[in-house]
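S.K.: Quick one, what's the 3D model for this:
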Amino acid sequence: MTSSLHLWLIPLVPFAGFLVNGLLGRRFPKALVTTVALIATLIPFVQVANIALHFSSLTLPYTEQVATWITAGNFHADFAFALDQLTLIMLLVVTGVGFLIHIYSVGYMAEEEGYWRFFAYLNLFMFFMLTLVLAENFLLMFVGWEGVGLASYLLIGFYLTKDSAANAGKKAFVVNRIGDFGFLLAMFLLIAHFGTLSFSEVFNQVAQHPEWQGGFLTAIALFLILGATGKSAQIPLYVWLPDAMEGPTPVSALIHAATMVTAGVYMVVRTHVIFDRSPFALSTIAVIGTATALFAATIGLVQTDIKRVLAYSTVSQLGYMFLACGVAAYSSGIFHLLTHAFFKALLFLSAGSVIHALSGEQDMRVMGGLRKKIPITFWTMTMAVFAISGFPPFAGFFSKDEILYQAFISPNGLGKILWFIGLFTAGLTSFYMFRLWYLTFFGESRAQATTAHDDHGHGHGHGVHESSWVMLTPLVILAILSGIGGWVGVPEAMGGHAEIAHFLSPVTGAAHEAAEGRSMELLLAAVSVTVAVIGWFIAHLMYFAKPALPAQLASKVRGLYSLLLNKYWVDELYGAVVVAPLLLISRYVLKGLFDTGVITGGGMAIGYSAQGLGALVQRVQSGNIRSYAGWLALGAAALLLLTYVGFGTHLLFR
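M.R.: Numbering: from 1, shown residues only. From the prediction side, this is the model:
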């Protein structure tokens with residue numbers, strides 16, 4: 001089995017789908033575009049599933065070198081792919097959830113212009129994401145890292161004529177470049193200190209030197225954190241993700257919920273050997289994750305666009321994953337990444353089904369009463385709401401509580417504080433998710449008084465309708481996974497075997513053993529569920545039992561409400577402190593210095609010089625034979641003079 005894995009085929013097939021639809025899709029009938037896109041995603045999923053079935057027979061880690069890529073002196077980087085337990089989980093998430101979202105997109109994007117272009121971009125994203133996950137070294141990972149950013153930019157700005165979508169795509173691209181700069185600096189330091197970018201070679205060198213603590217390893221880790229905060233939308237580089245909701249809803253589900261935004265978490269776990277040698281870097285990433293989880297959750301409390309609520313929820317849940325990494329509970333972070341892919345993809349796709357039913361409406365204030373009109377969407381989204389809110393036995397309960405428990409028992413001096421903030425954030429999560437649930441599906445319908453628009457601004461008539469089965473089938477499958485997906489990681493304290501932790505232990509190391517015992521884990525889980533119930537009760541009171549209460553409360557705390565509604569004015573602050581000065585410098589200082597001074601001035605100098613030289617040459621090229629003879633004689637005399645001077649100098653110094 002090991003000799004015939006052909007890992008290179010996994011990303012290559014989606015790339016072939018991109019080429020076929022990208023180059024020829026404009027001329028293809030829609031059915032052929034669909035067939036190419038789905039086959040290009042199904043084949044990698046089948047191959048990954050086959051690897052999973054035979055995984056126990058493999059010798060790991062398994063490396064497959066395709067070619068030597070770069071050789072410069074003692075440095076070399078191979079075009080190589082690697083497979084281990086962590087890689088397999090990520091491959092299953094990317095190909096499995098990715099294939100379901102491709103199926104959903106067939107129905108959701110059926111009437112859109114540029115149908116072929118959408119699926120070409122979606123296949124291109126799959127190629128880069130799979131390259132990122134399979135990469136054997138930092139450099140190849142960076143190719144995938146940059147590639148998913150490119151695909152995200154193309155898909156966010158899919159609606160070319162919509163200014164907000166174009167601006168959102170540019171914002172995502174620019175903000176991610178800041179994080180990518182950190183990744184680049186980390187690679188430069190790795191080359192300087194290790195002479196290689198191969199994961200295995202770097203990690204082996206670290207293992208051979210137990211005396212290496214902090215220092216340059218901390219610097220590398222901090223630069224990697226900068227890269228991770230950009231890709232995974234953490235403070236201070238989270239601002240691109242909410243705006244990315246301008247793209248089609250399937251894009252939000254695939255790229256901005258289940259796969260690309262988890263790349264930062266995956267990268268930290270992949271390089272945990274470096275982070276383990278830097279307590280400062282671990283504390284930094286734990287604080288960033290916890291702060292982001294709380295910060296984004298508070299903003300999500302008052303948002304009215306259904307997709308933006310889910311966007312801030314995604315930022316917050318990614319914060320939990322970073323918290324897990326910060327307390328060195330790497331398997332817990334990957335466990336939550338896995339369950340989050342199920343229920344957050346389901347939330348976005350269900351939101352897309354709601355938007356589709358309302359002919360493009362996204363404002364929850366004009367929804368309501370949809371429970372009986374779109375029952376399948378309602379019940380599937382309900383599964384996701386309970387899962388993300390942390391109710392047992394749904395998937396999110398086991399993974400989120402494992403993170404909180406690991407934070408509580410962490411030897412990190414901030415452990416108890418991080419646990420409390422994470423617990424409070426869990427209560428906020430339950431509240432804003434059930435707020436979304438009640439506003440969307442309960443009460444009286446408020447949709448009749450609106451003028452709905454689709455994703456790119458085209459109006460449609462009303463007539464609430466359930467989605468087609470090509471859209472509903474992925475919802476049902478994801479709903480099942482959101483219900484039972486967490487059972488693979490049930491902790492021993494709850495009667496399980498912590499299978500995820502044991503499966504990942506060859507990569508991440510053994511899970512922490514709790515000195516307090518199983519009773520403490522059960523107690524903390526009970527507290528967490530109680531907090532989730534309280535969040536649900538408050539949402540029920542405000543948005544079902546007493547629907548006038550939210551407006552009354554908002555008027556009493558108008559300042560706080562305005563602060564949250566305007567997202568702490570962070571975008572405005574960045575605009576004033578960062579964007580405006582850069583525009584000022586580029587438009588006036590640099591333009592005046594380089595455009596007017598160097599470019600225009602240099603061009604004029606070259607022009608005048610050419611004119612002067614032309615005038616001189618014009619005098620020489622007079623057409624007068626006697627003048628030509630004179631110049632010829634003068635040149636010959638000058639040549640003889642130079643010859644004699646050179647010969648005399650040679651004799652003098654010989």
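S.K.: So which other helices or strands are in contact with the lengthiest strand in the chain?
M.R.: Longest strand in the chain by number of residues, with DSSP state E as the criterion: strand 62-72. On a contact count with 3 or more C-beta pairs under 8 Å, 6 or more residues apart in numbering; DSSP states H and E, strand 62-72 meets strand 75-83, helix 138-156. No exception for glycine: its C-beta is placed from N, CA and C like everyone else's.
S.K.: what packs against whatever helix or strand comes next after the first one?
M.R.: Past strand 75-83, heading to the C-terminal end, the next element that is a helix or strand (DSSP states H and E) is helix 85-108. The contact analysis (3+ C-beta pairs under 8 Å, 6+ apart) places helix 85-108 against helix 30-53, helix 115-134, helix 249-253, helix 263-270, helix 330-357, helix 469-484, helix 499-508.
S.K.: Columns mean pLDDT on top of those, output as TSV?
M.R.: Shown next, in TSV, are these (pLDDT from 0 to 100):
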stretch	mean pLDDT
helix 30-53	96
helix 115-134	96
helix 249-253	92
helix 263-270	96
helix 330-357	95
helix 469-484	95
helix 499-508	92
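S.K.: Looking at those, which is nearest to residue 432?
M.R.: helix 330-357 (11.9 Å; C-beta to C-beta).
S.K.: what about the following helix or strand past the closest one, average pLDDT?
M.R.: Going down the chain from helix 330-357, the next helix or strand is helix 375-389, by DSSP H and E. The average of the pLDDT scores along helix 375-389 is 97.
S.K.: what about the helices and strands packed on helix 85-108, which gets the closest to residue 606?
M.R.: helix 115-134 (43.0 Å).
S.K.: now residue 146: how far from residue 22?
M.R.: Residue 146 is 18 Å from residue 22, where distance means C-beta to C-beta, to the nearest Å.
S.K.: what's the answer for residue 227, then?
M.R.: 28 Å.
S.K.: out of these two, which sits in the busier spot?
M.R.: Higher neighbour count among residue 227 and residue 22: residue 227, with 27 against 17, using other C-beta atoms under 10 Å.
S.K.: residue contacts, that one?
M.R.: Taking C-beta atoms under 8 Å, 6 or more residues apart in numbering, we find residue 227 in contact with 145, 179-180, 182-183, 186, 264, 267.
S.K.: Ok, residue 110 next?
M.R.: residue 30.
S.K.: Can you classify it by secondary structure?
M.R.: Counting by DSSP: H, G, I helix; E, B strand; the rest coil, the backbone at residue 110 sits in coil.
S.K.: circling back: now the helices and strands packed on helix 85-108 in JSON lines, with mean neighbour count?
M.R.: Listed next are the helices and strands packed on helix 85-108 as JSON lines, based on neighbours: other C-beta atoms under 10 Å:
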{"stretch": "helix 30-53", "mean neighbour count": "18"}
{"stretch": "helix 115-134", "mean neighbour count": "25"}
{"stretch": "helix 249-253", "mean neighbour count": "29"}
{"stretch": "helix 263-270", "mean neighbour count": "26"}
{"stretch": "helix 330-357", "mean neighbour count": "28"}
{"stretch": "helix 469-484", "mean neighbour count": "20"}
{"stretch": "helix 499-508", "mean neighbour count": "19"}
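S.K.: rewinding a little: let me know which of the helices and strands packed on strand 62-72 is the nearest to residue 560.
M.R.: Using C-beta to C-beta, the helices and strands packed on strand 62-72 put helix 138-156 closest to residue 560, at 31.0 Å.
S.K.: for the very next helix or strand once past that closest one, packing partners?
M.R.: Counting by DSSP H and E, the element after helix 138-156 in chain order, helix or strand, is helix 163-194. The contact analysis (3+ C-beta pairs under 8 Å, 6+ apart) places helix 163-194 against helix 138-156, helix 199-207, helix 216-231, helix 240-243.
S.K.: re earlier: the longest strand of the chain pairs with which strands?
M.R.: strand 75-83 (antiparallel) (DSSP bridges).
S.K.: can you list the residues that contact the partner strand?
M.R.: Contacts of strand 75-83 (C-beta under 8 Å, 6+ apart): 5, 7-8, 51, 58, 60-70, 134-137, 139-140, 191, 195-200.
S.K.: Among the residues you listed, the buried ones, what's the PyMOL command?
M.R.: In PyMOL, this line selects whichever of those come out buried by 16 or more other C-beta atoms under 10 Å:
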select buried, resi 5+7+8+51+61+62+63+64+134+135+136+137+139+140+191+196+197+198+199
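S.K.: Now do the same for residue 497: its pLDDT.
M.R.: Residue 497 is given a pLDDT of 85.
S.K.: whoops, residue 651 was the one
M.R.: 56.
S.K.: what does residue 629 give?
M.R.: Value listed for residue 629 in the pLDDT field: 64.
S.K.: Thought residue 157 was touching residue 251, still the case?
M.R.: No: using C-beta atoms under 8 Å as the test, residue 251 is too far from residue 157 to be in contact (10.3 Å).
S.K.: picking that back up, for the contacts of residue 227, work out which two are farthest apart.
M.R.: The widest separation within the contacts of residue 227 (C-beta to C-beta) is 12.6 Å, between 186 and 264.
S.K.: Now find how far off-centre stretch 30-39 is within its chain.
M.R.: 26 Å (C-alpha atoms, centre = their mean, to the nearest Å).
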